[in-house]
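Engineer: Next input, structure requested:
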Amino acid sequence: RTISINKSNFSFEAIRNAFFSMGFLRPLASFALAITSDRYGHGFGTHPSCVSSNLRSCAPITQLQMVESGDATGKTTCSIHPSFNDDIIDKYDAFILDQFGVLHNGNNALDGAIELVEYLHKKGKRLIILSNTSAPARIALQKLPKYGFNGDHFEDAVTSGEESSRYIKQTYGSTGSVKKALMLTWDGNKPNNPRLTVTPEGYLEQCGDIAIATSVSDADFLLFHGSEVWYRGKDTTNEDVSLSPFIEEGSFDNVDPLLKECLAAKLPAVCANPDFIVQTGPKGEGFANMPGKLAARYEEMGGGCATFGKPGVEHFEACVRKLGLEKERVCHVGDSLHHDISGAVNAGVPVVFVTSGIHRMTFGTGFGELPGEGVLEEVMEKEVGAMRPSHVVPAFSRAAAPK
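Structural biologist: The predicted structure follows:
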C-alpha cells in the first residue's frame, strides 16, 4: 500500500505518524521502504542501500511505499484454536513465554497454565521467559515457583530489567565516577507489594557505579523503573514522593511537575519496563498504569528516553539466540497486541495471541472464552493494523474454550 505525505509538510515526524495511523509501532522487517523528497534540495532513499529488491528504482517522490507479505487484502492470516492444543504444540520445538496475562496475574497462576507447562515439558518442549518486568532475569525465574510452576522447566529468561541495567552500566556505571539516578520505582513501604519484584538497590547493583539522586539537580539521568514513588534512598532523611494517583487512574497531576523539572535539566532517561498498563486483581478485573506510560509522557514533552523490552525486536532475537534454534521452530506466546504480537511479527517469530489477557475487557469475554471472529478482527485491525498472530487461543491452557 502507499501512504502519501504532503510535500510541504514532509518530515520524519510525518513518516512516523503515517505508521501510527496504520496501527504499526515501528516499520516491519518485511517492509520494503523507499522515502524520497526534494524539500531539502536532494532525494532521500536514492542510495542503493535504501532500496530493496522489491523497489528497483527510486525516483524522487513524496510518498512512503510499503510492500507487505500477506493475503490479497494485505493482512497476514492466523488460525483460531479452542485451546492451546497439540495442533500448536507439535509445530514448534520451543516456546518463548510472556508472564503477566499468560502464566499468572501477579498474584496467582492462571487457570490451566501450570498444567500446560508440565505437559510441554513432558513433550520435550523448551521454555524461556520473555518479560517486560523491571526485575533481573534471575529474579523473574526465582519468582515462578511462588505461583506453583516448576522452575526447572524454564531454561532462561530475557527481561527488560536485565537489558536496561546492562545499558545503564555501559553508559553511566563504568565511567570511573559515581553517577546518580533519579529513580521512579515501586513502593517498598507497601506490605506484600506484588510489583516490587526487586528492591531499588537490588536493581542498581547490576548497574555499576550508580547511586540514588535525592533531587533533580543532583541527578545524571532519569530512571523509569516503576510507577508508584520517586525513591530517594533508604539511608536518607528525604521521604519518597508518591506518584499517586497515576498508577490507579493514569493521572499525571503529581507526575508532570517532576517530569518538567527533569526536562528543564535536560536529563536523559532510561525505561526499564515499557508496559503502559497491566491487569490486576484475582480475575484480571482491574488495571494499573505502568512505567512505559511515564516514559512516553516524558518523550511527548521533548525528553529523550532509551526504552527496553517488548516490542523491541532485539529482545525476541535474544531469546532465539539463547535457544540456538531457527526462528520458525520457536513460537512466542503473549497477550498484548502492542508488545507481544507486533514485536514477534517484526522479529519474524511465530506468535500465539492469548485473548484472555490485557485485551479481555475490550473483547467483552470471560477468562478462557474466545471472542467472536468479527470482534477479534475489529480489535486487531484497530490496534495493530494488518499485523496478525500465527495463532489465537483463549488462554494458555489445554482446556477448550466454552462454546
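
Engineer: Output the below-cut-off pLDDT ranges for the stretch 101-250 of the chain.
Structural biologist: 236-237 (pLDDT under 70).

Engineer: Tell me which residues touch the most centrally placed residue in the chain, please.
Structural biologist: The geometric centre of the chain, computed from its C-alpha atoms, lies nearest to residue 310 (Cα atoms, centre = their mean), at 2.8 Å. The neighbours of residue 310, taking Cβ atoms under 8 Å, 6 or more residues apart in numbering as the test, are 98, 130, 132, 160, 274, 316, 334, 336, 339-340, 343. Every C-beta, even on glycine, is put in place using the N, C-alpha and C of the backbone.

Engineer: Repeat the analysis, applying 7 Å as the threshold.
Structural biologist: Shown in contact with residue 310 (Cβ atoms under 7 Å, 6 or more residues apart in numbering): 130, 132, 274, 339-340, 343.

Engineer: From residue 112, how far off is it?
Structural biologist: 23 Å (Cβ to Cβ, to the nearest Å).

Engineer: same thing with residue 287?
Structural biologist: Applying Cβ to Cβ to residue 287 and residue 112 gives a distance of 23 Å.

Engineer: quick one on the thing from earlier: so of the contacts of residue 310, which ones are in helices?
Structural biologist: Counting by DSSP state H, the members of these that fall within helices are residue 343.

Engineer: Could you dump the contacts of residue 310 into JSON lines and include neighbour count?
Structural biologist: JSON lines is the format used below for the contacts of residue 310 (neighbours: other Cβ atoms under 10 Å):
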{"residue": "130", "neighbour count": "29"}
{"residue": "132", "neighbour count": "29"}
{"residue": "274", "neighbour count": "26"}
{"residue": "339", "neighbour count": "24"}
{"residue": "340", "neighbour count": "29"}
{"residue": "343", "neighbour count": "25"}
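
Engineer: quick one: the residue nearest to the residue nearest to the centre of the chain when sequence neighbours are not counted and residue 245, what's the gap?
Structural biologist: Excluding the flanking residues, the one nearest residue 310 by Cβ to Cβ, 6 or more residues apart in numbering is residue 339, at 3.9 Å. According to Cβ to Cβ, residue 339 and residue 245 sit 24 Å apart.

Engineer: about what we covered before: dump the residue contacts of the residue nearest to residue 310.
Structural biologist: So residue 339 contacts 132, 310-311 (Cβ under 7 Å, 6+ apart).

Engineer: thinking again about what came up before, filter the contacts of residue 310 down to the ones in strands?
Structural biologist: Those of these mapping onto strands are residue 130, per DSSP state E.

Engineer: Looking at the contacts of residue 310, which is nearest residue 380?
Structural biologist: Nearest to residue 380 among the contacts of residue 310, counting by Cβ to Cβ, is residue 340 at 12.4 Å.
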